[in-house]
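> Sequence first, predicted coordinates after that:
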Amino acid sequence: MNISHKPDQQAFVLALGNTQAVLQYSLLPASADGEGGVDFTRTYVPSEFRGQGYAEALVKHGLSWASQRGLKVQASCWYVRDFL
């Protein structure tokens with residue numbers, strides 16, 4: 001799977017034919033300990049592509065990205081919360 005990071009849109013995107021699956025996030029300001037954070041806010045997969053592992057791939061990719069940058073993770077998205 002070729003997941004693209006779109007920092008200007010604060011999203012990870014997976015092209016699926018003429019549509020796309022998306023994991024959206026918001027960067028959070030640094031806390032008192034100096035560490036920044038990320039809030040994963042929304043996961044979307046078009047209905048015809050659900051149940052095929054695309055959302056899971058997006059979430060794992062996003063969590064790996066956050067971990068590599070030392071970001072604290074929180075999830076407003078219920079789907080992402082299942083991975084924390």
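Right, received. Where do you want to start?

> any idea how far residue 65 is from residue 38?
Going from residue 65 to residue 38 by CB to CB, to the nearest Å gives 8 Å. C-betas here are computed from N, CA, C, even on glycine.

> who's more crowded, the two?
residue 38 (20 against 16; other CB atoms under 10 Å).

> got a pLDDT number for the more buried one?
Residue 38 is assigned a pLDDT of 97 by the prediction.

> Helix, strand or coil: sort out it for me.
For residue 38, the secondary structure call by DSSP: H, G, I helix; E, B strand; the rest coil comes out as strand.

> The one 4 residues further on now?
Per three-state DSSP, the local secondary structure of residue 42 is strand.

> List the buried residues for the strand ranked longest in the chain?
Counting residues, the longest strand in the chain under DSSP state E turns out to be strand 19-28. Buried positions in strand 19-28, judged by neighbour count with 16 or more other CB atoms under 10 Å: 20, 21, 22, 23, 24, 25.

> And it, what does it pack against?
Contact partners of strand 19-28 among helices and strands, from 3 or more CB pairs under 8 Å, 6 or more residues apart in numbering; DSSP states H and E: strand 11-16, strand 37-44, helix 54-68.

> got a list of contacts for that strand?
Residues lying outside strand 19-28 but in contact with it, judged by CB atoms under 8 Å, 6 or more residues apart in numbering, are 9-14, 36-46, 49, 54-55, 58-59, 61-62, 71-72, 74, 80.

> same thing but 7 Å
Counting by CB atoms under 7 Å, 6 or more residues apart in numbering, the neighbours of strand 19-28 from elsewhere in the structure are 10-14, 36-46, 49, 54-55, 58-59, 62.

> again with stretch 43-58
With contacts defined as CB under 7 Å, 6+ apart, stretch 43-58 is touched by 1, 3, 12, 14, 16, 19, 21-23, 59, 77, 79-80.
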